[in-house]
Every structure is written in C-alpha cells, then in structure tokens.
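Engineer: need coordinates for the following:
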Amino acid sequence: MQTDYKKECYDTNPHCKLHYSRGIPMTDSTLYFLHYDENLILEYFRKGETSKRIEGNIYNISEGDLIITTPEELHVAIRTEFCYIEKISLHINESLLGAFGGDRTVFFDSLIHKPKGVGNLILSNVVKELGIDKILNECLVYAREDTLASHVMLNCKTIELLSKLSNLIETGNGTELAQPSSNKIVNEMISYINRHYTEDLTLDILAQKFHFSKYYISHLFRDYVGVSPYDYLITRRLYLFNDLIRQKHSIRQASFAVGFNNYSNFFRLYKKHFGITPQDFKLSVNNED
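Structural biologist: Presented below is the predicted three-dimensional model:
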C-alpha cells in the first residue's frame with residue numbers, strides 16, 4: 001500500500017477540475033485547516049476511512065462513501081494517526097451549465113441551498129445503487145486524457161452526477177443520507193454567528209446569549225468545529241471577503257462589509273490565513289477576467 005501522499009491535478013477544464021489523491025496526508029496538509037471552497041465539491045472515497053467536520057457536524061466516512069461540500073460550508077478533515085485514503089475529488093463551478101445554455105438553478109440550487117452541514121454524506125450502498133462510483137471513475141479517465149472530446153465528456157458526466165444528486169436530495173426521505181454526529185448547542189451557535197457575523201461578536205456575548213460559561217462554549221466548539229468560536233468567525237469573514245472581491249467590491253468596502261472595522265487588523269489576519277495580501281488576491285481575480 002502506498003503511504004506517501006500523491007495528488008494528480010487536472011485543472012485545464014474551466015468548469016470542472018478533478019483531483020485524484022492517494023496515500024497518507026501530511027499533518028500540515030491544507031485538509032486540516034478550516035476552510036471553504038468557491039466550487040461545489042464531490043469527494044468519492046475509493047479506499048480508506050476518515051472523518052470530516054462540516055459546519056459543526058462530524059461525518060465518519062468509509063470506503064465507497066461520497067461527501068458533498070458546498071461553496072458556503074466551512075469544513076476541515078479530522079486528523080487520525082493512520083489515515084490512508086484514495087479519493088476522487090470533483091470541483092464543479094456554477095459556470096458549468098452556462099456552457100450548455102442553462103443556468104445553475106437547474107441542478108445546483110438543491111445542493112447549494114440545503115441547510116449548512118446537513119445531508120453531506122451519501123453512503124456507499126446508495127453511491128453504488130445510483131452508479132455514482134462508476135461515473136466518477138469515468139470522470140477520472142476523461143480528465144487524464146486531456147483532449148477537447150474528453151473535456152466535453154467530463155462536463156456531460158458531471159451534469160449527470162448533479163442530476164442524480166439533486167434528485168436524491170429533493171425526493172429523499174432522509175434514509176439515503178448518513179446522519180452526522182452533531183451537538184444542538186454548537187449548531188445553534190454556528191447559526192447565530194452566521195446571521196450576525198458583521199457585528200462585534202465576542203465570547204462574552206455568546207456566553208450571555210446561550211447561558212453557558214465561556215470555557216464550556218470554547219471547549220464544546222473545538223470538539224465539534226475544530227477551532228474556537230473566534231477563529232470560526234474570522235474564517236467566515238475572510239472567505240466572505242473573497243466572495244465580495246470576486247463581485248468587484250473594493251478591498252476597503254468588502255472588509256468593512258463583512259465586519260472588520262479595523263483595516264490594519266484585517267490586513268494582518270488575511271495575510272496570516274492565506275499567505276498573501278488582500279491586494280494580491282484582488283490582482284489575481286482581475287487577471288482571471
């Protein structure tokens with residue numbers, strides 16, 4: 001069994017990017033940092049077992065399972081001493097359907113607009129029954145070919161996947177989807193933070209709001225989210241800032257809009273989290289146009 005972590009990245013298709021990973025992730029892997037992505041991501045685990053925190057809910061993932069993360073869901077993998085995985089990750093941009101004369105509401109919205117952290121894991125028996133494993137393995141073959149025809153086929157197969165998943169979520173009675181290990185208090189705190197992230201939120205305010213000690217709240221939050229309430233709030237603000245920059249807001253407008261009232265503090269936090277300055281990110285977005 002291969003233990004070194006290897007990752008094949010196929011990013012030439014503007015609508016679908018596919019990554020094939022196998023091995024044991026290093027402890028400093030970005031998998032272990034709370035983050036979210038600008039694309040809808042489907043992760044099919046060919047081999048291995050692991051766990052992932054998504055918006056305060058913990059999902060235990062086994063061989064053959066599929067995990068879905070949407071652009072607005074903060075998530076982080078849970079470190080284990082020995083965590084060999086082999087997985088196919090499909091990153092899907094909402095521009096995909098535009099290439100076929102459609103818009104994202106056809107399939108994307110039922111996935112993206114589901115409650116945060118709910119219905120993210122589809123168990124292996126359902127994956128196999130729907131043929132999702134077969135489609136994702138075909139996607140890997142097309143991604144590796146890297147031709148115009150294979151790019152078209154990758155797009156078509158991805159739309160087929162979206163159709164199956166959208167139908168499952170819209171018509172399912174809940175038995176097809178794995179239930180996460182969750183904590184009601186943590187879920188309520190996350191919901192509160194997500195509604196009030198632009199305000200001056202502190203641990204004292206959360207303690208007063210939810211009638212628990214600051215120590216208990218911090219301990220509980222770390223158990224289920226993997227970070228402190230403050231780190232969750234900052235991470236949420238930083239990624240929402242990036243979204244506003246993509247929508248052509250100015251840096252100062254975007255930073256104040258997401259709740260940073262001190263620009264120098266925002267600048268420091270941004271560079272610490274992403275390793276680049278806000279100006280660097282804005283320049284990279286402008287260069288993509």
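Engineer: please enumerate the strands of the stretch 101-250 of the chain.
Structural biologist: For the stretch 101-250 of the chain, applying DSSP state E, counting those that start in this stretch gives strands covering 121-122.
Engineer: where does pLDDT dip in it?
Structural biologist: In the predicted model, the stretch 101-250 of the chain carries pLDDT under 70 at residues 172-178.
Engineer: would you map the helices across it?
Structural biologist: 108-112, 124-129, 132-145, 148-171, 184-196, 203-210, 214-225, 229-246 (DSSP state H, counting those that start in this stretch).
Engineer: need those helices in JSON lines (columns: distance to Leu283).
Structural biologist: Yep, even glycine has a C-beta here, placed from its N, CA and C like the rest. Converted to JSON lines, the helices of the stretch 101-250 of the chain look like this (distance: least, CB to CB, whole Å):
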{"stretch": "helix 108-112", "distance to Leu283": "28"}
{"stretch": "helix 124-129", "distance to Leu283": "41"}
{"stretch": "helix 132-145", "distance to Leu283": "29"}
{"stretch": "helix 148-171", "distance to Leu283": "28"}
{"stretch": "helix 184-196", "distance to Leu283": "29"}
{"stretch": "helix 203-210", "distance to Leu283": "35"}
{"stretch": "helix 214-225", "distance to Leu283": "32"}
{"stretch": "helix 229-246", "distance to Leu283": "10"}
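Engineer: could you redo these as JSON lines and give each row mean neighbour count?
Structural biologist: Below are the helices of the stretch 101-250 of the chain laid out as JSON lines (neighbours: other CB atoms under 10 Å):
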{"stretch": "helix 108-112", "mean neighbour count": "18"}
{"stretch": "helix 124-129", "mean neighbour count": "16"}
{"stretch": "helix 132-145", "mean neighbour count": "18"}
{"stretch": "helix 148-171", "mean neighbour count": "17"}
{"stretch": "helix 184-196", "mean neighbour count": "17"}
{"stretch": "helix 203-210", "mean neighbour count": "15"}
{"stretch": "helix 214-225", "mean neighbour count": "17"}
{"stretch": "helix 229-246", "mean neighbour count": "19"}
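Engineer: what's the closest of these to Phe256?
Structural biologist: Minimum separation from Phe256 across the helices of the stretch 101-250 of the chain (CB to CB) falls at helix 229-246, 9.8 Å.
Engineer: following that closest one, which helix or strand comes up?
Structural biologist: Beyond helix 229-246 on the C-terminal side, the first helix or strand identified by DSSP states H and E is helix 251-257.
Engineer: ok, now how distant is the nearest residue to Tyr239 once chain neighbours are set aside from Val76?
Structural biologist: Spatial nearest neighbour of Tyr239, chain neighbours left out: Tyr36 (5.4 Å); criterion: CB to CB, 6 or more residues apart in numbering. Per CB to CB, to the nearest Å, Tyr36 is found 10 Å from Val76.
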